[in-house]
Every structure is written in C-alpha cells, then in structure tokens.
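In: Please find the sequence and the predicted model below.
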Amino acid sequence: MAKKTQAREEVVLAPRTVEQLVTGIATSDGAGVKLTRVLTQPLQRRLDPFLMLDAFGSDDPGDYIAGFPDHPHRGFETVTYMIAGRMKHRDSAGHEGLLEDGGVQWMTAGRGVIHSEIPQQENGVMEGFQLWLNLPGRDKMRDPWYRDFGVGELPRFSGEGVTAIVIAGESHGVAGAVSRDATAPLYLDLHLAAGTRFAQALPPEHNAFVYVYRGEVTIAGRVVPARRMAILTNDSGADGVAIEAKAGGRALLVAGRPLGEPIAQYGPFVMNTEQEIYRALSDYREGRLA
C-alpha cells in the first residue's frame, strides 16, 4: 500500500514561465540499453545541481536486456525511478537491492563505488528515469550510501484530480523519501487528470525543470508535450510554478539549490577539478576506487 499523507495547499501568486523546451537525444549506455538523454552535459551549469536525466522505456527486450554491467561512479548521486520493470542493483560497498514497479533507488557514490544494474525480466515493459545529482566539493569523497524505496515507502498525496509522489524534498507540507541539505532537491512525479492544476512553491534562486512523459501540460500559457523538458525561468519575483493539464498528463517536477561550484566531468566521474578527475581515473585503474 502506497504511503498517503495529508497535504496542505500551496499558494503561488507569481508563477515562473518557460525559458526553453528541450528535446532529448536518443542514445545508448551500459551494454547497449536504449534511452533518451534529456538533461545533457551542456545544460549542467544552467540546471546546477543536476547533471543528467535519462529516460528509458521499451517493451522490446533487445532495448534493455543487457542492462548496465559493472561500472564506476565518484562525486555525485544517482536517483533511479522505475515506472515499470524490475532491475537488480549490486555494488562494491556491499549493497544489493531489487528495484521494482514504482520504486526508487538512491545511491550516493561519494568517494567511489562500482556497481551493476541488471534487468530481472526477459519480456514486458521496462520504463523509468535516472537523475544525477551533484555533491558539493566537501562531500565528494564521503562514504558511499545506498537505499531502495519500494512503492509503498514513497510519500504521496492526492486531491482534486492530482496525485503527487514525493521522492525528494517537500511539497504541500508532505516530506519526501529523501532530503539533502546542500542541494535541497525537490523531485515530484505528478499525475494530473484532465482539467486539473497543480501549484508548487519554489525559492526563486533554485533551478527547476519539468519533464512530461505522458500526455501534455501547460505552464504559463506554454504547451509542453510528451517527451519534452521545460526549463523554468529564474525570475526574482516568481514564487513557484503552476502546471495545468487540459487533457491529462504525467510529469516530473525537479528543482534544487545550485552549488555554484566548478564542474569537471569525465564519464562516470564528476569532481571540481581536472586533477581530481585524474586521481579518480588512477584510483579506478589501480583498484582503489572502492
């Protein structure tokens, strides 16, 4: 049973507008898993503290069956949200878990971890998202951390045709499954019935985006169709975002406090300087990563 919580109304008087719409790039990762890279490296500074968003979804096993064999990470966090399907996680820090329909896997790579994500199905639909959240420089070499959240462990609230699943942060007085002091991430999965509206207060300095994965929504008069990311403006006078769905839609709303730190990335390593990247590569090659 999903964890339902009593919510309070949020008032947004000056909603943000849409700065731009982004179309993801079709690519593959791991051992050939087909996906769409929605938040790409050129947008990392604009959407700081978020580094990447991948969307995957297919009912063809050939698109996902090989999964993501052992690979390293250092310096950031990964948040995997499974809409449909089953994926097994195992890592060098001794963590192991099974991610299933509606569940979330939150992993802090910290100083380094080698992990694998392998599908536990040979047919059917596999659909979900992976978001990369940066760590501040002071935490990039912290110990790895991992937790699976089943669908019943994720707080949610409903009202007037809208259901919100609160993966991180706080919405309408409902605390999410995870919170982070440095980046204050907000991560909501919104299910909006036809003719509904959802308002969320946001600090004006936080970067924010909406990714629509079913139907379409309207933000400040701008239609955002399925498989598009709307980057929201950072107007100093704005106090949040209002999302409307004339015919119904489902969307992720993601926001966070920018770190404002240098970003140095080489594949699965995200640090602050090139020297730290060289060290990460050396540690990985010489077996010191985890």
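Out: All right, it came through fine. Residues are numbered from 1 along each chain as shown.
In: give me the low-pLDDT residue ranges for the stretch 1-150 of the chain?
Out: For the stretch 1-150 of the chain, applying pLDDT under 70 flags the ranges 1-6.
In: how about a cut-off of 80?
Out: 1-7, 31 (pLDDT under 80).
In: Enumerate the positions of stretch 193-207 that are buried.
Out: If you call a residue buried by 16 or more other Cβ atoms under 10 Å, then stretch 193-207 has these buried ones: 196-202, 206-207. Quick note: C-beta positions are derived from backbone N, CA and C, even for glycine.
In: What is the end-to-end distance of that stretch?
Out: Stretch 193-207 stretches 26 Å from its first residue to its last (Cα to Cα, to the nearest Å).
In: What mean pLDDT does it get?
Out: Taken as a whole, stretch 193-207 carries a mean pLDDT of 97.
In: Tell me where the stretch 151-290 of the chain has strands.
Out: Under the criterion DSSP state E, counting those that start in this stretch, strands of the stretch 151-290 of the chain are mapped to 155-159, 162-168, 170-171, 174-175, 186-192, 196-201, 207-219, 222-225, 228-232, 240-245, 249-256, 264-266, 269-271.
In: Sorry, wrong one. I was asking about the stretch 1-150 of the chain.
Out: Counting by DSSP E, counting those that start in this stretch, the strands of the stretch 1-150 of the chain are 3-4, 18-23, 25-29, 33-39, 50-58, 68-73, 76-84, 87-91, 96-99, 104-108, 113-119, 126-134, 145-149.
In: Measure how the fifth one sits relative to strand 228-232, angle-wise.
Out: What that stands for is strand 50-58. If you take axes from the mean of the first three to the mean of the last three Cα atoms, to 10 degrees, strand 50-58 sits at 160 degrees to strand 228-232.
In: Same check on the third one?
Out: Interaxial angle, strand 25-29 versus strand 228-232 (the same axes, to 10 degrees): 110 degrees.
In: is it true that Glu117 touches Thr80?
Out: Yes. Assessed by Cβ atoms under 8 Å, Glu117 is found in contact with Thr80 at 7.3 Å.
In: got any residues that touch both of these two?
Out: Taking Cβ atoms under 8 Å, 6 or more residues apart in numbering as the criterion, Glu117 and Thr80 both touch 87, 99.
In: In contact with Tyr187, which residues?
Out: With contact set as Cβ under 8 Å, 6+ apart, Tyr187 has these partners: 79, 81, 131, 166-169, 176, 252-254.
In: circling back: which one of the strands of the stretch 1-150 of the chain lies nearest to Leu281?
Out: Closest approach to Leu281 among the strands of the stretch 1-150 of the chain (Cβ to Cβ): strand 68-73, 9.5 Å.
In: got the contact list for that closest one?
Out: Residues outside strand 68-73 that contact it (Cβ under 8 Å, 6+ apart): 29-31, 33, 107, 109, 112-118, 268-269, 284, 289-290.
In: what distance separates it from the centre of its chain?
Out: 18 Å (Cα atoms, centre = their mean, to the nearest Å).
In: same question, stretch 213-227
Out: With Cα atoms, centre = their mean, you get 18 Å for stretch 213-227.
In: Check which residues of it are buried.
Out: Residues 213, 215-220, 224 are the ones in stretch 213-227 that count as buried (16+ other Cβ under 10 Å).
In: List the contacts of it.
Out: Here stretch 213-227 has contacts from 15-18, 21, 23-24, 36, 55, 83, 129, 192, 210, 212, 230, 232, 241-252, using Cβ under 8 Å, 6+ apart.
In: Pull out the buried residues from these.
Out: Neighbour counting with 16+ other Cβ under 10 Å marks 15-16, 18, 21, 24, 36, 55, 83, 129, 192, 210, 212, 230, 232, 241-245, 248-252 as buried within the contacts of stretch 213-227.
In: Can I get stretch 85-100 in CSV? Just the C-alpha atoms.
Out: C-alpha atoms of stretch 85-100 as CSV (Å, rounded to 0.1, in the frame of the first residue of the first chain):
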residue,chain,number,x,y,z
GLY,A,85,10.0,-3.2,-14.7
ARG,A,86,12.5,-5.0,-12.4
MET,A,87,16.2,-4.1,-12.0
LYS,A,88,18.7,-5.6,-9.6
HIS,A,89,21.5,-3.5,-8.1
ARG,A,90,24.7,-4.8,-6.6
ASP,A,91,27.8,-2.7,-5.7
SER,A,92,31.3,-2.9,-4.3
ALA,A,93,30.2,-1.3,-1.0
GLY,A,94,28.2,-4.5,-0.3
HIS,A,95,24.8,-3.1,-1.1
GLU,A,96,22.3,-5.1,-3.0
GLY,A,97,18.6,-4.5,-3.9
LEU,A,98,15.8,-5.1,-6.3
LEU,A,99,14.1,-2.1,-7.9
GLU,A,100,10.5,-2.8,-8.9
